[in-house]
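Engineer: below is the sequence, then the predicted model.
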Amino acid sequence: CYYEIAFANLELKKEKEAADAFRSLATKLPNSPLAAESWFRVGEFHESQKQPTEAIPAFTAGLTAAKTPELRERLHYKLGWIQHEQKQFPAALTTFQNQLKEFPQGVLAGDANFFAGECQFRQDKFAEALPYYAAVIAAKSERFHAKALYRSGTCATQLKQWPQAQQHFTVLVQAFPKFEQLHEARFGIAFSQQSQNQFDAAKATYLQVTKETRTETAAKARFMMGQCALASKNNAEATEHFLEAAFGYPYEEWQCQSHFEAAKCFIELKDMEKARESLETVTKRFPNHARAKDATTLLAGLK
């Protein structure tokens, strides 16, 4: 009767009343074969109401009572998801690991692998995150394949595994040309090339970023083109890129950094007037930036 009352309320769009009936069933008749599903329904209600502190114990209770594999997998996943959203990353990781141990080929295995990787990633455990993302990539999970490639590239970058990072980002931009973070992925390719001293290739890739977007990623890409030119000891070319980043984009971080780096190039080129102008721009426009102190020091040494 509790079960039928609950579904009748669902039909009437009375979600709270339905959740109350499911809770009554689960608490008053804990040995019922419908108790586990009822806890699941209670948890879903609290999740929909953005009440995670109520949803977590409901899903936990459901998992304790559940016997059927399909329901157990769903309860594992729901519990792990709520814990992840609450930034309870160690607890969420344990939940997803338990799910994958019990259902390694389950219908939600791809999702669990991705979020297990996210739990490690959010704790800056990049090496530990990579195997989970690799499982998502190998399974070609429809929901998370592209995101797993992006995360894998980011993890490899953090670990300074430049060839692997370049490979992950390259596969991503080729296979998913409409990926929402495509420009950042292409930047990742260029940064990997730059970190392997492939400066001409890196500049070409950075240039492609600047042609595809006018976001902050483009400003950063133009700045990095200047750094590549500096690494090739071409101060004149580097200056052009730094000034383009400084004047061509409205992003203060890269404006400040670019003016400062341009000033250093002007000093190397013996153009003290332009060096002073760039350094004064840093000190006057960005007085609270860390580079302002460095700029003041350089200004004091100019003749």
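Structural biologist: Sure thing, it's come through. Since the model is a prediction, treat every value here as computed from it, not as a measurement.

Engineer: CA atoms for contacts and neighbours, from now on please.
Structural biologist: Will do.

Engineer: surely residue 36 touches residue 68?
Structural biologist: No. Residue 36 lies out of contact with residue 68 (Cα atoms under 8 Å); the separation is 9.4 Å.

Engineer: so which of the two has more stuff around it?
Structural biologist: A direct count of neighbours by other Cα atoms under 10 Å for residue 36 and residue 68 places residue 36 higher, at 29 against 11.

Engineer: low-confidence stretches in this protein?
Structural biologist: 303 (pLDDT under 70).

Engineer: go again using 90 as the cut-off
Structural biologist: Applying pLDDT under 90 to the chain flags the ranges 141-142, 301-303.

Engineer: can you pull up the most central residue in it?
Structural biologist: If you average the C-alpha coordinates of the chain and look for the closest C-alpha using Cα atoms, centre = their mean, you land on residue 151, 6.5 Å from that point.

Engineer: tell me which helix or strand residue 205 sits in.
Structural biologist: helix 199-212 (DSSP states H and E).

Engineer: likewise for residue 9?
Structural biologist: With secondary structure defined by DSSP H and E, residue 9 is part of helix 2-11.

Engineer: just residue 116 next, same as before
Structural biologist: In this structure, residue 116 is located in helix 109-121 according to DSSP H and E.

Engineer: which residues touch that helix?
Structural biologist: Outside helix 109-121, the residues within contact range by Cα atoms under 8 Å, 6 or more residues apart in numbering are 77, 81, 84, 89-90, 92-93, 96-97, 99-100, 103, 126, 128-133, 135-136, 139, 141, 143-144, 148, 155.

Engineer: the closest residue in space to the residue nearest to the centre of the chain that isn't next to it in sequence sits in which helix or strand?
Structural biologist: The spatially closest residue to residue 151, leaving aside those adjacent along the chain, is residue 133, at 7.4 Å (Cα to Cα, 6 or more residues apart in numbering). Element membership of residue 133 [criterion: DSSP H and E] is helix 126-139.

Engineer: which other residues reach that helix?
Structural biologist: Outside of helix 126-139, the residues that reach it under the criterion Cα under 8 Å, 6+ apart are 110-111, 113-114, 116-121, 144-146, 148-149, 151-152, 155-156, 158-159.

Engineer: then it to PDB, C-alphas only?
Structural biologist: Listed next in PDB are the C-alpha coordinates belonging to helix 126-139 (Å, rounded to 0.1, in the frame of the first residue of the first chain):
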ATOM      1  CA  PHE A 126      47.400  13.300 -11.600                       C
ATOM      2  CA  ALA A 127      49.200  10.000 -11.900                       C
ATOM      3  CA  GLU A 128      46.500   8.200 -10.000                       C
ATOM      4  CA  ALA A 129      43.800   9.800 -12.200                       C
ATOM      5  CA  LEU A 130      45.200   8.700 -15.500                       C
ATOM      6  CA  PRO A 131      44.300   5.000 -15.400                       C
ATOM      7  CA  TYR A 132      40.600   5.800 -14.800                       C
ATOM      8  CA  TYR A 133      40.600   8.300 -17.700                       C
ATOM      9  CA  ALA A 134      42.400   5.600 -19.800                       C
ATOM     10  CA  ALA A 135      39.600   3.200 -19.100                       C
ATOM     11  CA  VAL A 136      37.000   5.700 -20.300                       C
ATOM     12  CA  ILE A 137      39.000   6.400 -23.500                       C
ATOM     13  CA  ALA A 138      39.500   2.700 -24.200                       C
ATOM     14  CA  ALA A 139      35.700   2.100 -23.800                       C
END
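
Engineer: kind regards, and thank you for your time.
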